[in-house]
Every structure is written in C-alpha cells, then in structure tokens.
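Enquirer: Pasted the sequence and its predicted model underneath.
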Amino acid sequence: MLVGHNIKFDLLWEMAQGNQELRAFYKRGGRVWCTQYAEYLIRAQHPDAHMAALNDLAPKYGGTTKIDEVKALWEAGVLTSQIPEDLLVDYLVGTPEEDRNGGDIRNTELVFLGQIQKAVAQGQLKMIQDRMDGLCATTEMEFNGLKIDVAEAGRRLKVLTADLAKQDEELNGFIPADCPFDFNWSSRVHASCLIFGGTVKYQKQAPYLDEATGELARKQETETHFLLLDGTTTDLAPDDNSKSLYATFVSGKRKGEYKTKQVKVLGEIKVKYQDFFYSFPRLTEPNEKWATKNTDGYDAPIYSTSGDIIVELALRNIPFVKALRSKQKLEKEIGTYYAKQDAKGEWSGMLTCVQKHDHMIHHKLNHTSTVTSRLSSSDPNGQNLPRGDKSEVKAQFVSRFTEAYCKVHGIPCETDNDGEMVEADYSQLEVVVQGVLTGDAQLCQDLRDRVDFHCKRVAAKFAATASHITYEYALDWCKNEDHADYKAGKKERTKCKIFSFQRAYGAGAATIAEETGMSLEETQALMQAEDELYPGVVAFNAAVESAVIKSAEPFSALGDDGKWKTYRRGYWQAPTGTLYTWRSYDAPEYARKRGKLDTFNPPEMKNYPVQGTGGEFVQCTGGRLWRHFVANDNYGGRAFLVNTVHDCNWADIHKSVRDQVCADMKRIMESIPEIYNERYGMNITVPFPVEVEYGPNMNKLHHWVAAA
DNA sequence: TTTGAATGCGCC
DNA sequence: AAAAGGCGCATTCAAA
C-alpha cells in the first residue's frame, strides 16, 4: 500500500515522470491510502475536514508540525530540486536528533495508523478502501485528460460572438438617447432600473464649489508677472506708455532689466468624481417577490432580472427582453465555456485551461470538497458542461485517437480520427438508491419492474383526484406519440417529474405548486398519495432524523445576527459505513417563542443520504472500472477513462475496442448489487441499469446496443 | 487595486 | 407557522 497525504499529487507526478513501476504495483494488487481523503471520510465530511493539511492533522495523531523553512521555500516558488538536500532530508524523515524517525514521512505514518484504528472502530474500513480505488480512477482520469477540438471551438466561438454582437446592437437601441452614463446590460442595477423603473447612481468628473470661497473650485497656478513700482504686479508687458510704472534692477549684472515676481493665480476649474443620478421610467410592473437585497440610487429595491423572470416578461410584450435573454445566455456560454478577456486583459473561461502543445485539458476531480461525499470538479469544472440540447460546447470534447496519435502509438488508423467518446450513465440513480436505503417494498418492486416513475405518479395523481386512470393508461397517454391526447399526457408527465425530485428532497407543497403550475390542493393530494404508496420512504426519513437528533452534540458558532450561539451537530451512518453529519440552524421566530432555539433542516437530512450513497456507488464502481482498465493495459492503449459526472463515466476509445469497452463498462457499473451484497453484507434487490452511448464527440452520442 | 458578498447559472 | 440538495465559476458592486 502506498500511503500519502493528498496522494493524488504524488501519483500524478510519478505518472508524468513515466514511472512504470507504479502500473506494475497496481497490477499485482497494490493499493493507495490518502490520509487527506480518509480524514474527510472519518469525520463525516465535516466542512472543517475538507482539504485538510497534514500540518493540521499530524499533531492530533501524535506527530509534529512541518519544518517551516522548506514550506517557506516552496511558497516562495523554489523548486524541490533547488532546496539543499540535508534540509529536505530533515523535512522528510526528521533530524538526527529525532533519529531520522520524524518529519513528513513519520507524520504521515502516524496519521495513517491512527486512521486505520478509527476506520475500523467506526465500521468504515471497506468503504474507505473502495473509495481509495475510486481515487485511483479519478487520478487516472485527470492524468489522461480530455482532448479538445480547438479548431471547432474557435469556429463556434466566432459564431457565438457574432450573435452576441447582433443582440447588443438590437439592445442598444433601447437605451434612452439621453442616458448620461455607460449603460451596461449585464449590470443588474442598470437592467432592473431600465425595466422596472428606478434611479441609477453613477460617477462622473464635474466642477464643484470650494467650501472656503463659495466659488467653483479652481486649480492654483503660478505665473511670472512684472513688478510695478507701487508694489503691485501685472501680466501685461511694458510698452512705451507704461514702462515708467515698471520696476527695474538699478545695479548689478541684470541692471536695466524689468523685475518680475512669481504670483499665484486661479487656474482651470477643478473637477472630481461625484455621484449623479439618472431615473428611468417604469416599463412594466415588478412582482414584489422579485426584489433583491440591493437598492437603487434612491434606496428603492433592485429587482432580479434572472433568466426565468426575463422569460416571464417576454409574455408581456416588452420589446427587448428576447434579445436580453439571448445576450444573457451567450455571455454565460462564451465567458464560462469558451474564453473571454476582461477590462484588465485577464483571460477567463474553460478554453484558458487547454494545453497549447497537445490541446488537452487536465481537469481536477476533487474528493474532499463536498459535505455529501460526492466529488467536485474544478480548473475547469468538468461536471457542469452544458447539455447537448442547450449548447454545442460538448462538441469540442473529442477523441485523442487522431491519425497522428495512432501513428505514434502503433495503432492502425483508417480515417483522420478513428476515436470515439463513450458515456455510460446510471438511469435514475437517485431513485434506485432511495429504494436501496429505504427498503420500501413497493418502491423496490417498481424498480425491479422497471416502472416509469413519472407515469406512475401521473396515474397516482388522477387516482387521488376526480378521474381514475391506470398506470398502463398513463404510460400510453404520456409516452405513446400516437395517443389522441399525447401532448397533454407528456405535459402531465413533465409536471410529475418536477414533482418527484422536489418531493424526494423535502420541498414544501407551496414550492412544488409554484414550480409545476399545479394547484395547492392538487399538489397536496399527490404528496399524500406518494406517502401512502411508499410508506418505507417516510419511515426511513423519520429514522434518519431521529438518529441525527439522538447523536447531536452542542457547538458554538456565529449566528445570522453576528452573535455567538449554541447549535447542535448530529450524525447518521449509511449501511455502507459512510457517515453523514448535519448542523442545526436558527429556528424560525414562531418556534423560538416556544423555546426551540435551533432546528435541523429536513431537506438536508433527506438529501444527503441519497445523494451521498449514489456518489459512493459511482466511486466504488469507478474503482472497479479502473482496476479492469489497469489489468488490460487500457485495452492495449486503445481506451482511457477520462471523466466522471456524479452518475456516469466517460471514456476515450479507439473504435476497434468499442464493443468490448462498452460491454465491460456496463457490466462493471451494473454490478453494484453483487459488490455490496457480498462485500458489505447488504441485501440489494433492485437493478442498477446503465445506458451506454458512444460517438465522435460528447455532443453526438448514440445508444450502444450489445451485439446479439 | 483587492477582496468578499450577492447574484446568477451551468450540471447531477 | 419554513425549508429540495450538492457543487464551481463568472460578473457586479461596495468596502477596505
């Protein structure tokens, strides 16, 4: 076993050096243990344990703190190879006084040994081991990286930029001609004032009154004047009539020359930045719930101009809102997923992460940054790329198996790019996980029957209200395009789909009614039907809540009002061993009156177990996938794992291994019941169906079907 | 000029 | 009588 703190860093270094021993080590069953990751899991993903430093952990496990000298050199940008060797040795294994049994390595060892004890005591060892293989998988994904079609990105960026210019031109026609400041449609203040009326405060350089004189302030300048005999001065040059009034030198080197004097005079009118106000008339009535915390120049509320509000305004025939919505979308897409230069010339956006020499992006997959044990991604975030129905960004993500690449690596090649991208997704992962965790008999049966949950809810909704319909009828109504009233059925299904997600995680009837457009009564009826249909879910949520309250310990924290108060922190442990923790928050006013000062947040308690366990399953099978790829030498260098997004894995493959890779990914990812029933003694009775897609880029994927 | 809060939006 | 959750990144704006 290789043990290290944030070991991904060291593994990536070794891989970049071309260390072949590492692969051999893995092949013979070698494992890793990251003390940073283990600490995070042992502490139930408590925010304090996110990306913890070894320096902070070591003293808690009987170790020492790092030698500051080395740390200081690193922070100053000195390369390790440039640091004196004896200093590095002291840093790594301790000083001679410590018998060379100290330093970073001893600290890591102490932390590791302590963590093993804790993990065993808390029933977390298997879970941590499985996640460590998942860590190897993401390390491999980061190392492999994502290939970007830079030419395609450039073409798309040009099109988007031209479109944006068009929207800007249209929008600029709606700025009042007398607007005295630089109107910015991206400014929430400007947009709100223009649409809903309001006063923009802007700064401009302008003259001002001098407090001492009451006159316009002016610069002071000095001028050279002629001195007159009466002691006054003048800027007029002497002429024949006036020269007798001017003073002259009567002796010395300058004898006969006119005397001069430096005098202070009022110069140009001074200006300074001052606040000015410009009011816009109201074009349309704002909804008071759109008010933000911000105010305009006269302290009136600024209203949100976010996407959904702009969409709502479009129904009111406001002439420019369509262009404004287009601009918002284009700026988001260009700025976040392509590239943009700000006023200072700084570049931002995803394309700034593309390596110039090989057009690869090596994104980060972070294991210790969420409270639910999910992964996060950054630099760039590979987990929030716009979907294909929204944007073409994903078309930039292509295969690395170009003709040139194949030539270098001795892989046969028939076209200019023989590669394909593969995405393997769990279907409805969180619903499946809810079945596993709650054990609800009906939910599990429905999952085994591969029921369409949204259609089932459509049926339940109508069963609970006036007209009764069967599940079979709902299925036909909502999904059969030939059904006489298919359009209405599809709409009903969409509403129920929104309902499902909101309901599952604790949204209130009011929120759901608002979101789905259903009436409050309709929503409540559906919620009740749901509880009756799946009583195990209700019981499970109650059990989590009672475990949290039972385990809760007090702690102090700053409240919303800036005062230190006592809150509670409680825990719940999943059957896999993963721990979850929640803190309480200030109770609402009515509860405080009855002496209840703090409460736990039910939506958080409902959400973490499902979201976290889903993430855990994906990481576990990610580890299995990685082991499989290692054992097969990445299919002879023809397939690479490259990304994971909460319920899916991506691979970059040569088409010659497509069927094999797709079949293997599907089989391994679907093996969750076998893994957890054997290794964890669980009793999972529901399938984890995986759909596999492949295609020339991540925006053009087709379903893969196993050969008969 | 830098920093942090607020807002908004991309994904699951 | 309250409550979908989890992220990362970009922009604006006010304060330091």
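Expert: All right, it came through fine. Numbers count the residues shown, from 1 in each chain, chains lettered A, B, ... in the order given.
Enquirer: for DNA strand B, what are the nearby residues on chain A?
Expert: Along chain A, the residues adjacent to DNA strand B under the rule Cβ under 7 Å from any atom of the strand are A:188, A:292-294, A:304-308, A:328-329, A:332, A:336, A:381, A:383-387, A:390, A:429, A:645-648. No exception for glycine: its C-beta is placed from N, CA and C like everyone else's.
Enquirer: which of the residues you listed come close to DNA strand C?
Expert: Restricting those to those near DNA strand C - Cβ under 7 Å from any atom of the strand - leaves A:188, A:294, A:336, A:381, A:383-384, A:646.
Enquirer: now, which of the residues you listed lie within helices?
Expert: residue A:188 (DSSP state H).
Enquirer: I'd guessed residue A:418 sits against residue A:655; true?
Expert: Yes: between residue A:418 and residue A:655 there is a contact under Cβ atoms under 8 Å: 5.5 Å.
Enquirer: who touches both of these two?
Expert: residue A:401 (Cβ atoms under 8 Å, 6 or more residues apart in numbering).
Enquirer: Give me the neighbour count for the residue in the stretch 1-150 of chain A positioned nearest to DNA strand C.
Expert: For the stretch 1-150 of chain A, the residue closest to DNA strand C is residue A:47, as judged by Cβ to the nearest atom of the strand, at 7.3 Å. The local packing of residue A:47 (other Cβ atoms under 10 Å) involves 11 other residues.
Enquirer: And for it, nearest residue in space, chain neighbours not counted?
Expert: residue A:371 (6.5 Å; Cβ to Cβ, 6 or more residues apart in numbering).
Enquirer: can you map out the helices along the stretch 451-600 of chain A?
Expert: A:453-464, A:471-479, A:486-504, A:509-516, A:520-533, A:535-551, A:589-593 (DSSP state H, counting those that start in this stretch).
Enquirer: Out of the ones you listed, which is closest to residue A:42?
Expert: helix A:535-551 (15.5 Å; Cβ to Cβ).
Enquirer: Which residues does the closest one contact?
Expert: With Cβ under 8 Å, 6+ apart, helix A:535-551 has contacts from A:434, A:437-443, A:531, A:570-573, A:582, A:600, A:602, A:605-606, A:609.
Enquirer: Run a quick neighbour tally on residue A:405.
Expert: For residue A:405, using other Cβ under 10 Å, the count is 18.
Enquirer: my bad, should have said residue A:273
Expert: 9.
Enquirer: thinking again about what came up before, out of the ones next to DNA strand C among the residues of chain A next to DNA strand B, the closest to residue A:614 would be?
Expert: residue A:646 (7.3 Å).
Enquirer: Now do that closest one, the pLDDT please.
Expert: On the pLDDT scale, residue A:646 is placed at 95.
Enquirer: isn't it right up against residue A:382?
Expert: No: with contacts counted by Cβ under 8 Å, residue A:646 stays clear of residue A:382, the gap being 11.1 Å.
Enquirer: So for those two, which residue has more residues nearby?
Expert: residue A:382 (24 against 17).
Enquirer: which residues touch the more buried one?
Expert: So residue A:382 contacts A:146, A:361, A:363, A:365, A:643, A:645 (Cβ under 8 Å, 6+ apart).
Enquirer: and if you look at residue A:16?
Expert: residue A:143.
Enquirer: Quick check: it vs DNA strand B, distance?
Expert: 28 Å (Cβ to the nearest atom of the strand, to the nearest Å).
Enquirer: Now do the phi/psi pair for that residue.
Expert: phi -60, psi -30 (degrees, to the nearest 10).
Enquirer: for the stretch 51-200 of chain A, what spans make up the helices?
Expert: Under DSSP H, counting those that start in this stretch, the stretch 51-200 of chain A gives helices at A:54-57, A:68-75, A:85-93, A:103-121, A:125-144, A:150-172, A:188-196.
Enquirer: Could you dump those helices into CSV and include mean pLDDT and mean neighbour count?
Expert: Formatted as CSV, the helices of the stretch 51-200 of chain A follow (pLDDT from 0 to 100; neighbours: other Cβ atoms under 10 Å):
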stretch, mean pLDDT, mean neighbour count
helix A:54-57, 93, 18
helix A:68-75, 82, 13
helix A:85-93, 91, 15
helix A:103-121, 97, 18
helix A:125-144, 97, 22
helix A:150-172, 95, 15
helix A:188-196, 94, 22
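Enquirer: Need these in JSON lines (columns: distance to residue A:671).
Expert: Shown next, in JSON lines, are these (distance: least, Cβ to Cβ, whole Å):
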{"stretch": "helix A:54-57", "distance to residue A:671": "34"}
{"stretch": "helix A:68-75", "distance to residue A:671": "43"}
{"stretch": "helix A:85-93", "distance to residue A:671": "41"}
{"stretch": "helix A:103-121", "distance to residue A:671": "24"}
{"stretch": "helix A:125-144", "distance to residue A:671": "13"}
{"stretch": "helix A:150-172", "distance to residue A:671": "36"}
{"stretch": "helix A:188-196", "distance to residue A:671": "49"}
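Enquirer: Is there a neighbour count for residue A:9? I'd like the number.
Expert: Residue A:9: 12 neighbours (other Cβ under 10 Å).
Enquirer: How about the secondary structure of it?
Expert: helix (DSSP: H, G, I helix; E, B strand; the rest coil).
Enquirer: re earlier: strands - which of the contacts of helix A:535-551 land there?
Expert: A:570-573, A:582 (DSSP state E).
Enquirer: Closest one to residue A:155 out of the residues you listed, please.
Expert: residue A:582 (48.0 Å).
Enquirer: measure the closest one to residue A:558 for me?
Expert: Applying Cβ to Cβ, to the nearest Å, the value for residue A:582 to residue A:558 is 18 Å.
Enquirer: Of the two, give the one with the bigger neighbour count.
Expert: Taking residue A:582 and residue A:558 together and counting by other Cβ under 10 Å, residue A:582 has the greater number of neighbours (24 against 10).
Enquirer: Go ahead and confirm the more buried one touches residue A:604.
Expert: Yes: under the criterion of Cβ under 8 Å, residue A:582 makes contact with residue A:604 at 5.6 Å.
Enquirer: Put the buried members of the contacts of helix A:535-551 into a PyMOL selection.
Expert: To isolate the buried ones among those in PyMOL, judged by 16 or more other Cβ atoms under 10 Å, type:
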select buried, chain A and resi 434+437+438+439+440+443+570+571+572+573+582+600+605+606+609
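Enquirer: Show the buried residues in the residues of chain A next to DNA strand B.
Expert: A:304-305, A:328-329, A:336, A:381, A:383, A:385-386, A:429, A:645-648.
Enquirer: now, which of these lie within strands?
Expert: Those of these lying in strands (DSSP E): residue A:648.
Enquirer: farthest pair in the buried ones among the residues of chain A next to DNA strand B?
Expert: A:305 and A:429 (34.9 Å).
Enquirer: Up against DNA strand C, what does the stretch 351-500 of chain A have?
Expert: A:366, A:369-372, A:374, A:376-381, A:383-384.
Enquirer: of all those residues, which comes closest to residue A:151?
Expert: Nearest to residue A:151 among these, with distances taken as Cβ to Cβ, is residue A:380, at 19.1 Å.
Enquirer: if I look at whatever residue of the stretch 451-600 of chain A ends up closest to DNA strand B, how far off is residue A:376?
Expert: Nearest to DNA strand B in the stretch 451-600 of chain A, going by Cβ to the nearest atom of the strand, is residue A:501, at a distance of 8.8 Å. Using Cβ to Cβ, one obtains 21 Å as the distance from residue A:501 to residue A:376.
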